[in-house]
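J.: Okay, sequence plus prediction incoming.
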Amino acid sequence: MLLVVALSAQPAAGQNSLDRARALRDSGELTAAAAVVEAHLRTHPDDAEALFLLATIDYWSGRVKRAREGLGRVLEIDPDHEGAAATLHEIRSAYSPWIRLDPSGGRDTQALVRAGLSGEAGLFITPGLTLDGRASWIRFAWSDSSAHVATGDVGLRATVAGPLALELRAGLANWSGPAITRFTARGAATLRLGAHTSAEFSAERLPYLHTTASIATAVLPTRFQLRVGLDHASGWMGEAAGRSDRFGDGNAVHSVWAWLLAPIVSDEASGFRAGWHVGYQDAGQSRYTSVAGASSDGAGTLPGRYVPYHTPERTFTHGPAGALALWPNGSVALFANASWGLHAAEDAPFFFPADTLPDSPINRGEYRRSFHPLEARATLRLRAGPRTSLFLESTHRRTAFYDDTRFRSGVLVVFLPPPPGSR
């Protein structure tokens, strides 16, 4: 009788250990979850559910080759295991060569209109080493002028050790207006600090293309950025970062920001997070210049513009932020996020004539201006087939400097290898 009771209790005990391992996995404690499953497998080596759970833990931990082998073992034991087949397909899709084409466009209140096309292609040399190439061509038009900027680069991304990943990129950028070509580069190191946090340091030299003046000349700041991110299995997400953009004229723009979102709604088909953001920006020197020959307005001030790049001056902002995700089925997903400046203020520059006489000197002043910045983005992703995905994206930004609306669409094609065992 005691033997019967003991034998009948074993499956329940085994199930409890797997439930505990799933809870640890879902909370991001992957090492502890793997230890629990491995202990279970020592006495139940052919338990398909335990092998599947261990394979998913290996996949989430970046041990792709071991995950593939584990999923293959699951399908040997249970050929109809839907979870193993779906995860193996996901791995094959995620680690297959790809090509992507993205047409884009937009306009802002500088009267700067842009339209372009970008593309990307890449392959996995190994699961931890990726080689890719990118190219883009953008045409800008403003007033009675137009120009285009073309860029291209190649890059390597590698997982050096379990928690450390490196990225190196190098390329060229060409401006048609001044007929200038410059080198571009990027380097980044990302380190997992634990189950829920990561830190990334990056240095890059890329074109600045946000003002009409920057299109007519080559502006390539050198950017240094340090970012610490939070992505907890419970739904909490956040970021704290600092950045320094150093321009070739000896000037620099420094930025710091942070945001934190808490889970409000989370289920199988949707998720909503809400929280707060805060940021500060300041430039060493202003690049706000007066417009030659312009007349003063009714308030006696003269118009100005930023040449060749925008320089924020003691700009502080904070306010609410939120993120929404909807995935009603496996083929459609909608993502949206937005942040609004409940309070934002900056030292705004302005110009005014010294007196009312013709050709009088122009003086520069500053005043503390309040405004309400806004940034909103929505992305719709459609799975058109096992190898093809489509997406549509729209972004709107409102700053103290200008309003900017952009859209982007694209098609992603993945070159899936044949499934295991096929001829």
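T.: Now that the structure is in, tell me what you want to look at.
J.: and the helix or strand where F201 lies, what does it pack onto?
T.: Using DSSP states H and E, F201 maps to strand 197-205. Strand 197-205 is packed against strand 180-192, strand 222-231, with contacts defined by 3 or more CB pairs under 8 Å, 6 or more residues apart in numbering; DSSP states H and E. Using the backbone N, CA and C atoms, a C-beta is placed for each residue, glycine as well.
J.: Give me the distance between the last one and the centre of its chain.
T.: Using CA atoms, centre = their mean, to the nearest Å, the distance from the centre of strand 222-231 to the centre of the chain it belongs to is 11 Å.
J.: now the stretch 151-300 of the chain, which segments are flagged as low pLDDT?
T.: 293-300 (pLDDT under 70).
J.: what about the helices in it?
T.: 212-215 (DSSP state H, counting those that start in this stretch).
J.: which stretches of it form strands?
T.: For the stretch 151-300 of the chain, the strands defined by DSSP state E, counting those that start in this stretch cover 164-175, 180-192, 197-205, 222-231, 237-246, 252-266, 270-283, 288-290.
J.: In three-state terms, label G70 for me.
T.: Three-state assignment for G70 (DSSP: H, G, I helix; E, B strand; the rest coil): helix.
J.: how many neighbours does it have?
T.: Using other CB atoms under 10 Å, G70 is surrounded by 22 other residues.
J.: before we move on, the earlier item: what lies in contact with the strand holding F201?
T.: 167, 169, 183-193, 220-231 (CB atoms under 8 Å, 6 or more residues apart in numbering).
J.: I'd guess E90 is in a strand, am I close?
T.: No. Under three-state DSSP, E90 falls outside any strand and is assigned helix.
J.: neighbours around it, how many?
T.: Count around E90 with other CB under 10 Å applied: 12.
J.: and the gap between it and R377?
T.: From E90 over to R377 the distance is 25 Å, taken as CB to CB, to the nearest Å.
J.: pretty sure Q110 is touching Y402, no?
T.: Yes. Using CB atoms under 8 Å, Q110 is in contact with Y402, at 5.4 Å.
J.: residues of stretch 125-138 that come out buried?
T.: P127, G128, T130, D132, R134, S136, W137, I138 (16 or more other CB atoms under 10 Å).
J.: Any figure for the gap between the residue nearest to G116 when sequence neighbours are not counted and A321?
T.: Setting aside the residues directly before and after it, G116 is nearest to I138 in space (CB to CB, 6 or more residues apart in numbering), at 3.4 Å. Going from I138 to A321 by CB to CB gives 29 Å.
J.: and if you look at V278?
T.: 10 Å.
J.: before we move on, back to that, and the residue nearest to G116, what does it touch?
T.: Per CB under 8 Å, 6+ apart, neighbours of I138: S104, R114, A115, G116, H148, V149, A150, L209.
J.: do that again at 10 Å, thanks
T.: 104-106, 114-118, 147-151, 207, 209, 215 (CB atoms under 10 Å, 6 or more residues apart in numbering).
J.: Given the helix or strand hosting it, what are its sheet partners and their directions?
T.: Element membership of I138, judged by DSSP H and E, is strand 129-142. Within its sheet, and counting by DSSP bridges, strand 129-142 is paired with strand 113-126 (antiparallel), strand 145-161 (antiparallel).
J.: closest one to T388 among the ones you listed?
T.: strand 113-126 (14.8 Å; CB to CB).
J.: before we move on, back to that, send me the strand holding F201 as PDB with only the CA atoms.
T.: Output of strand 197-205 as PDB, limited to C-alpha atoms (Å, rounded to 0.1, in the frame of the first residue of the first chain):
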ATOM      1  CA  THR A 197      19.000  44.400 -16.700                       C
ATOM      2  CA  SER A 198      21.600  45.200 -19.300                       C
ATOM      3  CA  ALA A 199      24.100  48.000 -20.100                       C
ATOM      4  CA  GLU A 200      25.200  49.200 -23.500                       C
ATOM      5  CA  PHE A 201      28.000  51.600 -24.400                       C
ATOM      6  CA  SER A 202      28.300  52.800 -27.900                       C
ATOM      7  CA  ALA A 203      30.400  55.200 -30.000                       C
ATOM      8  CA  GLU A 204      29.400  56.200 -33.500                       C
ATOM      9  CA  ARG A 205      29.900  58.700 -36.300                       C
END
